[in-house]
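>>> Structure of the sequence below:
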Amino acid sequence: QALLVESGGGSVQAGGSMRLSCKVSGRPFATTAMAWFRRAPGKERDFVAVIGWSSSNTIYSDSVKGRFTVSRDNAKNMAYLDMNNLQPEDTAVYYCAGSHWAGLPSTLEAFDYWGQGTQVTVPS
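So this is what the prediction gives:
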């Protein structure tokens with residue numbers, strides 16, 4: 001059974017930066033596509049970014065493209081989400097997720113493993 005644990009959330013002023021981390025255990029990390037989703041207050045869980053088995057393959061949602069960067073360190077079983085120029089609309093609970101698919105999945109249904117979520121707040 002895979003275990004995903006996020007860390008790094010908190011509150012940051014608009015325009016600031018933050019890094020989220022996700023530690024994965026219990027399954028082969030090198031063959032797990034890793035993604036970040038977020039759930040804003042009153043909204044559904046939305047796709048943010050995904051990184052494939054190869055660190056060179058990534059996809060971002062339009063709302064974060066150019067501001068957020070997803071990365072992974074296979075030696076440490078870690079995935080990261082670096083967030084720059086954060087805005088109030090980025091306020092949400094952020095979840096990391098893992099999938100056994102070899103491509104770049106971006107739908108909720110494609111992900112088998114989920115973290116507990118970490119709150120990111122950008123006051124307006």
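
>>> Next, count neighbours for Gly8.
When counting by other CB atoms under 10 Å, one arrives at 16 neighbours for Gly8. (Each C-beta comes from the backbone N, C-alpha and C, glycine too.)

>>> Could you do the one 4 residues further on as well?
Residues near Val12, counting by other CB under 10 Å, number 17.

>>> Thought Asn84 was touching it, still the case?
No - taking CB atoms under 8 Å as the contact criterion, Val12 and Asn84 are not neighbours in contact, 10.5 Å apart.

>>> Which pLDDT does the model give the residue most central in space within the chain?
Taking CA atoms, centre = their mean, the centroid of the chain lies closest to Trp36, which sits 2.3 Å from it. We have a pLDDT of 98 for Trp36.

>>> tell me the contacts of it?
Taking CB atoms under 8 Å, 6 or more residues apart in numbering as the definition of contact, the neighbours of Trp36 are Leu20, Cys22, Val48, Ala49, Val50, Val70, Ala79, Leu81, Tyr94, Tyr95, Cys96, Ala97.

>>> give me the beta-bridge partners of it?
For Trp36, the residues forming beta bridges with it (DSSP bridges) are Ala49, Cys96.

>>> repeat for Val70
The residues paired with Val70 through beta bridges, assigned by DSSP bridges, are Leu81.

>>> Tally up the residues packed near it, please.
As a burial measure, Val70 scores 22 neighbours (other CB under 10 Å).

>>> From what I see, it and Tyr60 are in contact.
Yes - counting by CB under 8 Å, Tyr60 is a contact partner of Val70 at 7.4 Å.

>>> Which residues are in contact with each of those two?
Shared contacts of Val70 and Tyr60, defined by CB under 8 Å, 6+ apart, are found at Val48, Ala49.

>>> neighbours of the residue lying closest to Val93 once chain neighbours are set aside, just the number please.
By the measure of CB to CB, 6 or more residues apart in numbering, the closest residue to Val93 outside its immediate chain neighbours is Gly117, 4.3 Å from it. Counted with other CB under 10 Å, the burial measure for Gly117 works out to 17 neighbours.
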